[in-house]
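*Asks:* please work out how this folds:
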Amino acid sequence: MSMAALLHRHLFGVKGDVRDPICYVDEQTVLYPAGHNTVIFNLEQRIQRFLPGTEKTEEITAIAVSPNKKFVAVAEKSDKGVITVFDLHSLKRRRLLTASDSMSKEFVSLAFSPDSKLLMAQGGAPDWTLTLWTWEKAKFVASMKTAATPNSVMYQCSFSPTDNNLITVTGNGVFKQLKLVDSNLKLLPNALNKREPQNYLCHAWCSDERVVVGTDTGDLLVVDGVELKAFIPRAPSDSTSIESVIWYSKGLVTGSDDGTLTMYEKSDEKDLYKKGKSFQIDNNAVKIRHLALSPTNEEHLICATESNQLFNFALSNADIALDKQKHFEPLAVHFHAGQITGVDTCIRKPLVATCGLDKSVRIWNYQDKTLELNKIFNEEAHSLAFHPSGLHLLVGFSDKMRLMNVVMDDIRPFKEFAVKACRECRFSHGGHMFAAVNGNTINVFATYTCENLGNLRGHNGKVRSVCWSADDTTLVSCGMDGAAY
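*Replies:* Numbering: from 1, shown residues only. This next block holds a predicted model:
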């Protein structure tokens, strides 16, 4: 007998703390992690396909798409860091790789060689081992400990865009250029060895040998082999650190820790790049952790932020963009920025309501795969219940519980109840009553008169879950005391 299985239909959200969390597969398709899955999202048709996470692993830590756009490598945290290589056409697993000589539980950065045959992975703490494989044969090629001290943190590893044997790694106080010679990694002399070490947060290749490096002090360093070609210091008005950098045909684009995108144009002067326009993400002064450029026409730039959002920026219009214009559009919809604390479905409409620690209450349409309503409040919401009609919401906030009306374009508070930090609430199936947990007690109210119909006591510990019977005559509850009533 075959087992029934639940399959993903659509995922709302992105896991923003992954290294390089957004990659282009082609002009219409992007790839990003959400939960323990990797989502392949078609921008035109708004259709998602999924690459599942490996069983018994904790979370996704890094992603890389091969230059030939045929494969994706997904690194996951477990007792020994695991890398799975998928075929992007068939969506089948091609290889499973682990680093036998690494003590780390995770890989913090991945990169494919220009010919897509080698895979490089920067291991995490405590030993920060860089490992290379010929991934199709699962054959180990070389490894090296890259951190300057055990307390150093490594951020990124990458191959030269044309040379399979030339590698750059950056971290806190670490900038190294390596050459792969006869299955050995050889350290090359570089221009930054003579300088005081800085926290090198990101880097990008501009040509066969030229690398641009972003620092936590907001400076840009242009390194060409053993020579420091240019030092572009931070202007006093600029944000503090450069979190992401990308090279394109006209110059550079950087993303900073306050949500600012800055253009640098190619120049014949000694700095090589001249600072151009800056654009700020509206109401989102958070780190831009990664930038992804559309591969063939360079029209679009996708920004992944620390608040788990994906924004699309029209790079082709940057030269003529006006200051008052809205420059950043959500790639799909606005996602939750933090932990989701409550979720409930509406019986009569294709709607789901969620609330979270980002102080927002959101209503999603799972048929159209859209965000219908988004309301930000002053405090965190701990639980919520959706009325069967889809016209009312019950939300438990830190200070009180609120019954709210869902109108065309807003969620409006209607009545407040003195139930603090309510972690569980539930409407009856008929919608005429609701139960709200208040510590060890369950309060039952009439929905339309807001009258308290009774308080149910008996639990010796906090009540964790309540459920109405189909005819609404019985209420079942269970608590942390191990009791069910």
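*Asks:* flag the shaky bits of this structure, pLDDT-wise.
*Replies:* Along the chain, segments meeting pLDDT under 70 span 1-3, 236-239, 284, 320-325.
*Asks:* contacts only, for residue 205.
*Replies:* The contact partners of residue 205, by Cβ atoms under 8 Å, 6 or more residues apart in numbering, come to 158, 160, 161, 168, 211, 247. Backbone N, C-alpha and C define where each C-beta goes, glycine included.
*Asks:* switch to 7 Å and redo it
*Replies:* 158, 160, 161, 211, 247 (Cβ atoms under 7 Å, 6 or more residues apart in numbering).
*Asks:* check the secondary structure at the last one for me.
*Replies:* For residue 247, the secondary structure call by DSSP: H, G, I helix; E, B strand; the rest coil comes out as strand.
*Asks:* tell me what it is bridged to.
*Replies:* Note on residue 247: beta-bridge partners residue 252, judged by DSSP bridges.
*Asks:* my guess is it contacts residue 206, does it?
*Replies:* Yes: look at residue 247 against residue 206 with Cβ atoms under 7 Å: they come within range, at 4.7 Å.
*Asks:* spell out which residues are contacts of both of these two.
*Replies:* Residues touching both residue 247 and residue 206 (Cβ under 7 Å, 6+ apart): residue 212.
*Asks:* and stretch 189-199, end to end?
*Replies:* 19 Å (Cα to Cα, to the nearest Å).
*Asks:* buried ones in it, by neighbour count?
*Replies:* Neighbour counts over stretch 189-199 (16 or more other Cβ atoms under 10 Å) mark 190, 191, 192, 198, 199 as buried.
*Asks:* what of stretch 289-300?
*Replies:* Within stretch 289-300, judged by 16+ other Cβ under 10 Å, the buried ones are 289, 290, 291, 292, 293, 294, 300.
*Asks:* centre of the chain versus it, how much separation?
*Replies:* Computed by Cα atoms, centre = their mean, to the nearest Å, the chain-centroid distance of stretch 289-300 equals 17 Å.
*Asks:* repeat for stretch 98-115
*Replies:* Worked out by Cα atoms, centre = their mean, stretch 98-115 lies 20 Å from the chain centre.
*Asks:* can you check stretch 243-262 too?
*Replies:* Using Cα atoms, centre = their mean, the offset of stretch 243-262 from its chain centre is 18 Å.
*Asks:* quick revisit: what is the most widely separated pair among the buried residues of stretch 289-300?
*Replies:* Within those, 289 and 294 form the most distant pair, 18.5 Å apart (Cβ to Cβ).
*Asks:* I'd say residue 438 and residue 421 touch.
*Replies:* No: between residue 438 and residue 421 there is no contact under Cβ under 7 Å: 9.0 Å.
*Asks:* who has more neighbours, these two?
*Replies:* Taking neighbours as other Cβ atoms under 10 Å, residue 438 and residue 421 compare with residue 438 leading, 21 against 17.
*Asks:* please tell me how far the closest residue to that one other than its chain neighbours sits from residue 477.
*Replies:* The shortest distance from residue 438 to any non-neighbouring residue, by Cβ to Cβ, 6 or more residues apart in numbering, is to residue 419 (4.7 Å). Per Cβ to Cβ, to the nearest Å, residue 419 is found 15 Å from residue 477.
*Asks:* same question, residue 439
*Replies:* Taken as Cβ to Cβ, the span from residue 439 to residue 477 is 13 Å.
*Asks:* so is the nearest residue to residue 453 once chain neighbours are set aside in a helix, a strand, or just coil?
*Replies:* Of all residues not flanking residue 453 in the chain, residue 444 sits nearest, at 4.6 Å (Cβ to Cβ, 6+ apart). Counting by three-state DSSP, the backbone at residue 444 sits in strand.
*Asks:* residue contacts, residue 444?
*Replies:* 433, 435, 453, 454, 456.
*Asks:* mind running it again at 8 Å?
*Replies:* Contacts of residue 444 (Cβ under 8 Å, 6+ apart): 433, 434, 435, 452, 453, 454, 455, 456, 475.
*Asks:* could you do residue 69 as well?
*Replies:* By Cβ under 8 Å, 6+ apart, residue 69 lies in contact with 25, 26, 88, 295.
*Asks:* mind redoing it with 7 Å?
*Replies:* Applying Cβ under 7 Å, 6+ apart, the residues contacting residue 69 are 25, 26, 88.
*Asks:* next one: it from residue 207, what distance?
*Replies:* Relative to residue 207, and taking Cβ to Cβ, residue 69 is found at 21 Å.
*Asks:* what sits against residue 316?
*Replies:* Applying Cβ under 7 Å, 6+ apart, the residues contacting residue 316 are 298, 299.
*Asks:* SS state for it?
*Replies:* Residue 316 - assigned by three-state DSSP - is helix.
*Asks:* how deep is residue 187 tucked in, by neighbour count?
*Replies:* Residue 187 is surrounded by 12 other residues when neighbours are defined as other Cβ under 10 Å.
*Asks:* that should have said residue 262, apologies.
*Replies:* With other Cβ under 10 Å as criterion, residue 262 counts 21.
*Asks:* and if you look at residue 308?
*Replies:* Using other Cβ under 10 Å, the number of residues around residue 308 comes to 21.
*Asks:* same thing with the one 10 residues further on?
*Replies:* Counted with other Cβ under 10 Å, the neighbours of residue 318 add up to 17.
*Asks:* list the buried ones in stretch 396-414?
*Replies:* Those buried within stretch 396-414 under the rule 16+ other Cβ under 10 Å are 396, 397, 400, 401, 402, 403, 404, 406, 411.
*Asks:* just flag the most distant two among those residues.
*Replies:* Farthest pair in these, by Cβ to Cβ: 400 and 406, 19.0 Å.
*Asks:* so which residues of the stretch 351-485 of the chain form helices?
*Replies:* Counting by DSSP state H, counting those that start in this stretch, the stretch 351-485 of the chain forms no helices at all.
*Asks:* parallel or antiparallel, which strands does the helix or strand harbouring residue 223 pair with?
*Replies:* Assigned by DSSP states H and E, residue 223 falls within strand 220-224. Using DSSP bridges, the strands paired with strand 220-224 are strand 210-215 (antiparallel), strand 227-232 (antiparallel).
*Asks:* now do stretch 140-155: distance to the chain's middle.
*Replies:* Distance, centroid of stretch 140-155 to centroid of chain: 24 Å (Cα atoms, centre = their mean).
*Asks:* can you give me the end-to-end distance of that stretch?
*Replies:* 22 Å.
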